[in-house]
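S.K.: For reference, the sequence and a predicted model appear below.
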Amino acid sequence: MKSLLITIDGPSGAGKSTVSRGLAERLGYTYVDTGALYRAVAFVAHSKGCSADDDNGLADICKHLELRFEKSSKGRRLYANGEDITERVRTSEITMLASAVSARSVVRENLLNVQRGMGKGGGLVFEGRDMGTVVFPEADVKFYLNAHLDTRVLRRYKELVETDAATSLPGVRKAMMKRDEDDSSRALAPLKPAHDAVRIDSTFLGIEQVVEAMFHHIRGQAK
């Protein structure tokens with residue numbers, strides 16, 4: 001089977017990250033968390049006091065931002081300008097800011113080239129929100145992973161409460177509903193399924209079940 005370029009899009013809390021990592025491992029592919037790239041821009045913008053609507057400031061940040069993923073005993077780590085920011089980009093504040101900066105054309109244009117450069121040659125699983133619609137419209141296989149809002153809220157709450165004891169279920173629900181609205185209604189690269197994406201609802205499915213379904217679809221396409 002040739003090395004494929006696979007995209008997995010969907011809203012937050014649908015299980016994209018865990019599923020994408022699992023599928024990449026099953027296939028022996030490289031997993032790329034594109035959302036982390038936007039979180040990195042948001043993290044640096046926040047640390048510099050740059051607002052989400054300051055295009056000049058964001059352009060300067062992107063111009064001087066060196067990003068890399070690195071494997072370690074703690075798993076895959078994200079570095080920005082040599083600094084490990086893996087955990088710090090996962091706070092609720094950075095999550096919301098990442099959604100805002102990802103709607104700015106200056107940020108998307110800069111990261112678009114970065115992502116397409118990573119995708120050359122195939123053998124990768126790209127996770128995000130516009131991978132199959134904008135970044136890789138010619139991807140070999142596209143998936144759109146979704147789940148009921150209540151399920152996604154609970155999943156995200158369990159994830160966040162491990163690092164932020166002040167996290168509340170109502171707060172997570174409010175933030176997720178806002179992000180869903182922001183991501184789906186923005187004029188630039190809105191969150192939506194690609195017309196040829198395979199849609200999977202993970203509300204009542206475990207991670208392994210979703211990975212298995214995706215794997216069998218890919219094998220079927222390759223025959």
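M.R.: Everything's here; your move.

S.K.: helices and strands around the helix or strand containing residue 17, which ones?
M.R.: Residue 17 is located in helix 16-27, with elements delineated by DSSP states H and E. Applying 3 or more Cβ pairs under 8 Å, 6 or more residues apart in numbering; DSSP states H and E, we find helix 16-27 packed against strand 5-9, strand 30-33, strand 124-128, helix 207-222. No exception for glycine: its C-beta is placed from N, CA and C like everyone else's.

S.K.: need the strands for this protein, in chain order.
M.R.: Assigned by DSSP state E, the strands in the chain fall at 5-9, 30-33, 67-72, 75-80, 83-84, 124-128, 141-146, 198-201.

S.K.: Switch those strands over to JSON lines; also include mean neighbour count.
M.R.: Listed next are those as JSON lines, based on neighbours: other Cβ atoms under 10 Å:
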{"stretch": "strand 5-9", "mean neighbour count": "26"}
{"stretch": "strand 30-33", "mean neighbour count": "19"}
{"stretch": "strand 67-72", "mean neighbour count": "12"}
{"stretch": "strand 75-80", "mean neighbour count": "16"}
{"stretch": "strand 83-84", "mean neighbour count": "12"}
{"stretch": "strand 124-128", "mean neighbour count": "26"}
{"stretch": "strand 141-146", "mean neighbour count": "23"}
{"stretch": "strand 198-201", "mean neighbour count": "16"}
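
S.K.: so which of the ones you listed gets nearest residue 209?
M.R.: strand 198-201 (9.6 Å; Cβ to Cβ).

S.K.: just to revisit the earlier point, could the strands of the chain be laid out in a markdown table, adding mean pLDDT and distance to residue 93?
M.R.: As requested, the strands of the chain are exported to a markdown table (pLDDT from 0 to 100; distance: least, Cβ to Cβ, whole Å):
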| stretch | mean pLDDT | distance to residue 93 |
| --- | --- | --- |
| strand 5-9 | 97 | 24 |
| strand 30-33 | 88 | 19 |
| strand 67-72 | 83 | 20 |
| strand 75-80 | 86 | 16 |
| strand 83-84 | 94 | 18 |
| strand 124-128 | 93 | 21 |
| strand 141-146 | 97 | 25 |
| strand 198-201 | 97 | 30 |
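
S.K.: Switch those over to JSON lines; also include distance to residue 23.
M.R.: Output for those, formatted as JSON lines (distance: least, Cβ to Cβ, whole Å):
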{"stretch": "strand 5-9", "distance to residue 23": "7"}
{"stretch": "strand 30-33", "distance to residue 23": "8"}
{"stretch": "strand 67-72", "distance to residue 23": "17"}
{"stretch": "strand 75-80", "distance to residue 23": "14"}
{"stretch": "strand 83-84", "distance to residue 23": "25"}
{"stretch": "strand 124-128", "distance to residue 23": "5"}
{"stretch": "strand 141-146", "distance to residue 23": "9"}
{"stretch": "strand 198-201", "distance to residue 23": "11"}
